[in-house]
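> next comes the sequence, and after it the predicted model I'd like to discuss.
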Amino acid sequence: MLRLVIFDCDGVLVDSEPVASRVVAESLTALGWQMTAAQSQLLFLGQSLPDMRPAVAARLGEAVAERWAAEVANRVTSTMLTEAIPVPGAHAAVASVEALGLPWRVASNSSHAELAAKLGRIGLDAAGRVHSFEDVARGKPAPDLFFAAAAAEGVAPEACLVVEDSLVGIAGARAAGMKVIALVRHGDDAAHGAAGARVIRGLAELADLLPGLITPELDDRTSVMRVA
């Protein structure tokens, strides 16, 4: 039986990825690595800042990358305080989980400061439910964040459902042995399905699916959820 829903933050609850991608692109362009927001999102989607840093170091040098990581973290956080907006249906999706009597948590490759800025900006109270890459040895695509969220609720990984939007997040959830729904609001969703997630195009679909997912049927070969 499904006993816990774990939400990613960026791209699932908060429509923050365009903002973060713009800030990252602007900061790297100023340092000499010409980059658009679209290129930034394609290159770094779902990654934590520590995971982004090696690419920056390879291009601009370790000393520059070290300064950049600290500066861009502050810039992203301050920008989220004024520009973060909810993904359509985010509050309703959380309410639908609560209506079924299920607990929920947030597992993100963002820092706690950034998460507080984003979730506070959209008015979603996630106090005591948030897990950041700062809390674990390895961020996504390692399973550590998802294991931490499950352990905090005392729930077995196989009883968890993760809602993600990135292939990095899907990989982490699958490595943890959890079922995954991928929110793909735009573009091609083939890679998300191939990675082992059930694809939805909007969070309204999650509310419709949850009752049937409490006792999902699993395909033993792929562990992809199927709803009768």
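Yep, that arrived. Numbering: from 1, shown residues only.
> so which residues make contact with stretch 118-129?
9-10, 13-14, 16, 80-86, 90-91, 94, 104-106, 110, 115, 130 (CB atoms under 8 Å, 6 or more residues apart in numbering). Any C-beta I mention is one placed from the backbone N, CA and C, and that applies to glycine too.
> buried only: go through the residues you listed for me.
9-10, 13-14, 16, 80, 83-84, 86, 90, 94, 104-106, 110, 115, 130 (16 or more other CB atoms under 10 Å).
> roughly how far does the residue nearest the centre of the chain sit from Trp104?
By CA atoms, centre = their mean, the mean C-alpha position of the chain lies nearest to Asp8, the distance being 3.1 Å. Using CB to CB, to the nearest Å, one gets 12 Å for the distance from Asp8 to Trp104.
> next one: Arg53
For Arg53 relative to Trp104 (CB to CB), the value is 31 Å.
> so what's the residue count around the spatially closest residue to Ile170 that is not a sequence neighbour?
Nearest-residue entry for Ile170: Ala195, 4.6 Å, with adjacent residues in sequence omitted and distances by CB to CB, 6 or more residues apart in numbering. Neighbour count of Ala195, defined by other CB atoms under 10 Å: 20.
> would you map the helices across the protein?
17-30, 37-44, 49-60, 62-83, 90-99, 112-122, 144-153, 167-175, 190-194, 203-213 (DSSP state H).
> what's the closest of those helices to Arg3?
helix 144-153 (7.4 Å; CB to CB).
> which elements pack onto that closest one?
Packing partners of helix 144-153 (3 or more CB pairs under 8 Å, 6 or more residues apart in numbering; DSSP states H and E): strand 4-7, strand 104-108, strand 130-132, strand 160-164, helix 167-175.
> tell me how many other residues crowd Arg59.
So Arg59, with other CB under 10 Å, has 14 neighbours.
> my guess is it meets Thr29, correct?
No: at 11.9 Å, Arg59 does not count as touching Thr29 under the criterion of CB atoms under 8 Å.
> roughly how far does the residue nearest to Val19 when sequence neighbours are not counted sit from Ser16?
Leaving aside its sequence neighbours, Val19 sits nearest to Glu83 (CB to CB, 6+ apart; 5.0 Å). According to CB to CB, Glu83 and Ser16 sit 8 Å apart.
> so Ala151 versus Gly172, what's the distance?
15 Å.
> hmm, Ala148 and Ile6 touching each other?
No: taking contacts as CB under 8 Å, Ile6 lies outside contact range of Ala148: 9.9 Å.
> which neighbours do these two share?
Ala107.
> so between those two, which is more surrounded?
Ile6 (28 against 17).
> and the gap between the more buried one and Gln41?
23 Å.
> what does the residue nearest to Ile170 show for phi and psi?
Main-chain dihedrals, Ala195, degrees, to the nearest 10: phi -80, psi -10.
> over to Val12?
The phi/psi pair for Val12 (degrees, to the nearest 10) is phi -120, psi -50.
> so how many other residues sit close to it?
For Val12, using other CB under 10 Å, the count is 27.
> from what I can see it touches Ser166, true?
No: in this structure, Val12 is not within contact of Ser166 by CB under 8 Å, at 9.2 Å.
> before we move on, the earlier item: what's the closest of the helices and strands packed on helix 144-153 to Arg201?
So among the helices and strands packed on helix 144-153, strand 160-164 is nearest, using CB to CB, at 13.0 Å.
> many thanks, we can stop here.
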